[in-house]
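Visitor: only geometry, no sequence info:
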């Protein structure tokens, strides 16, 4: 079985983003970029499935600018076998990305696609579900455990109030939640080896996909701030304020 | 302009997430139908019919809808979507699971986790874990939207909408339900609690977390939350996590104990009405959003607080 793992290049999770002065977007110039953390978990899960003998090949794909190559190389250094860069400078949205991925799936015929549950830039949490819809496949979202058993995948999902386990007919879509695994670091020898692994370049048109945005961004602004309140000296003062000033007790 | 709201419920009862998403739906348009998809879900449908502003409740029942699996639920919604301009779901784990599937089947974009309705096609939503707010306008003929319920008040009761039965779609037969392992608790749910007390890594262990946080929660009738650090360290279960990647909450009172205030945690609780921070580090970022801060050792402060309440 082949596993396809889409990865996205996003602002590094440790960077505090700033809104551009003209309110058009978030400032991305000279900002450190990295692989979306949920996608790292997806890559790791694919590698573990391969190590467990459940998969033969891991293909990583990224839809984005030329620099997304770096993200793909990171995935190759972690242990993916080959990469596809679907190059576009368009501001992609989940639906457009899902359409490209559908084309990639039809060309590569993976038995499983593992995606991060959401990208930490636009926080949409849509692409996996949309891809499942376009392919007519089953979906196991927000996964904290994946067990492949023949032509079925048992996926434990993090849902409100606890965990839910569903059984999916394969081929299927899985989206990774935080606690699915702890992604490995790429070792230096593997980073060197990754430079020689194959990386194909394609365009959305190669897959017949329209990635034009459907949403228009009217403006981007800083969130309304909260002001720091007062420091109280004692528990008694705190309880008094909560009762008599805030009225919440 | 007719709107379809996909209800959040457990068949027997309607979640108040539905009432909150209804408030958002009513800001988009005045004719709102609520879809209750489940099995043995008359209880939830009747509760939905009582919400003020609902003009009709659609009840669809089938075995595969018992747990609202995404594939048959999306098929059902798409089957009746012709009659609607906008499809709304609360951004619960169930809503987030099904709405994008519906959007893709309709070939429209989805606007996720809106926090404000600017106009029927324009919405505000947080990006970058709430570090920026984007206003987006949808150009699609049909809109699919999920609602961050912490940003909307629950719609009141006082309605009496008719309940109409609709056929479930043919089950695509792609997935099946195996089991639920839901945390059993007598405490209120995090997303609907009036008071929340949350613990962070400073608690030091799962035993200490239970020992000092839970008695106060019980005394206040509060829900219990945790920071991601506390969850990752194993001090508290996953579904207690408050933050961008956990639950987004907005109670009347939020008490943060031993939580430093990482951006991702703040994104999940900064809409609370009153925030109390208890932390030994007076420079902790949590104090910048707290209405009342108390600097000191939580293992001294909490037992005192328990007595004082």
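Guide: Structure received. Keep in mind it's a predicted model, so treat the numbers as computed, not measured.

Visitor: hey, where'd the helices end up in chain A?
Guide: Ranges of helices in chain A, per DSSP state H, are A:37-51, A:68-78, A:94-108, A:127-135, A:188-194, A:235-244.

Visitor: Quick one: list the elements packing against the third one.
Guide: Secondary structure elements in contact with helix A:94-108, counted by 3 or more C-beta pairs under 8 Å, 6 or more residues apart in numbering or on different chains; DSSP states H and E, are strand A:2-6, strand A:57-64, strand A:82-87, helix A:127-135, helix B:93-105. Every C-beta, even on glycine, is put in place using the N, C-alpha and C of the backbone.

Visitor: residue ranges of the helices in the stretch 1-150 of chain B, please?
Guide: Assigned by DSSP state H, counting those that start in this stretch, the helices in the stretch 1-150 of chain B fall at B:16-28, B:42-49, B:70-80, B:93-105.

Visitor: Could you list the buried residues of the third one?
Guide: Meaning helix B:70-80. Residues of helix B:70-80 classed as buried by neighbour count (16 or more other C-beta atoms under 10 Å in any protein chain shown): B:70-78, B:80.

Visitor: isn't residue B:202 right next to residue B:284, touching?
Guide: No: using C-beta atoms under 8 Å, residue B:202 is not in contact with residue B:284; the gap is 9.6 Å.

Visitor: shouldn't residue B:93 be in contact with residue A:157?
Guide: Yes: using C-beta under 8 Å, residue B:93 is in contact with residue A:157, at 7.5 Å.

Visitor: ok so, going back, between the helices and strands packed on helix A:94-108, which gets nearest to residue A:119?
Guide: Nearest of the helices and strands packed on helix A:94-108 to residue A:119, taken as C-beta to C-beta: helix A:127-135 at 7.8 Å.

Visitor: in that closest one, what's buried?
Guide: In terms of neighbour count (16+ other C-beta under 10 Å), helix A:127-135 has its buried residues at A:127-135.

Visitor: avg pLDDT for it?
Guide: Averaged over helix A:127-135, pLDDT sits at 98.

Visitor: Go through the lengthiest strand in chain A and flag the buried ones.
Guide: In chain A, with assignment by DSSP state E, the single longest strand is strand A:138-149. By neighbour count on 16+ other C-beta under 10 Å, the buried set for strand A:138-149 is A:138-146, A:148.

Visitor: Quick check: buried residues in stretch A:81-95?
Guide: A:81-88, A:92-95.

Visitor: Could you do stretch B:250-259 as well?
Guide: So, applying 16+ other C-beta under 10 Å, buried residues of stretch B:250-259: B:250-251, B:253-259.

Visitor: At the geometric centre of the chain, which residue do we find?
Guide: This is for chain A. Nearest to the mean C-alpha position of chain A, by C-alpha atoms, centre = their mean, lies residue A:116 at 3.1 Å.

Visitor: you looked at the wrong chain, it should be chain B
Guide: By C-alpha atoms, centre = their mean, the most central residue of chain B is residue B:92, 4.8 Å off.

Visitor: From what I see, that one and residue A:160 are in contact.
Guide: Yes: look at residue B:92 against residue A:160 with C-beta under 8 Å: they come within range, at 5.4 Å.

Visitor: Give me the common contacts of the two.
Guide: Common neighbours of residue B:92 and residue A:160, counting by C-beta atoms under 8 Å, 6 or more residues apart in numbering or on different chains, are residue B:191.

Visitor: Show me the shaky parts of the stretch 151-300 of chain B.
Guide: For the stretch 151-300 of chain B, no stretch has pLDDT under 70.

Visitor: those helices in it, which residues are they?
Guide: Using DSSP H, counting those that start in this stretch, helices in the stretch 151-300 of chain B cover B:206-220, B:228-232, B:263-269, B:298-308.

Visitor: can you tell which of these is closest to residue B:48?
Guide: Using C-beta to C-beta, those put helix B:263-269 closest to residue B:48, at 27.4 Å.

Visitor: which secondary structure elements does the closest one contact?
Guide: Helices and strands touching helix B:263-269, by 3+ C-beta pairs under 8 Å, 6+ apart: there are none.
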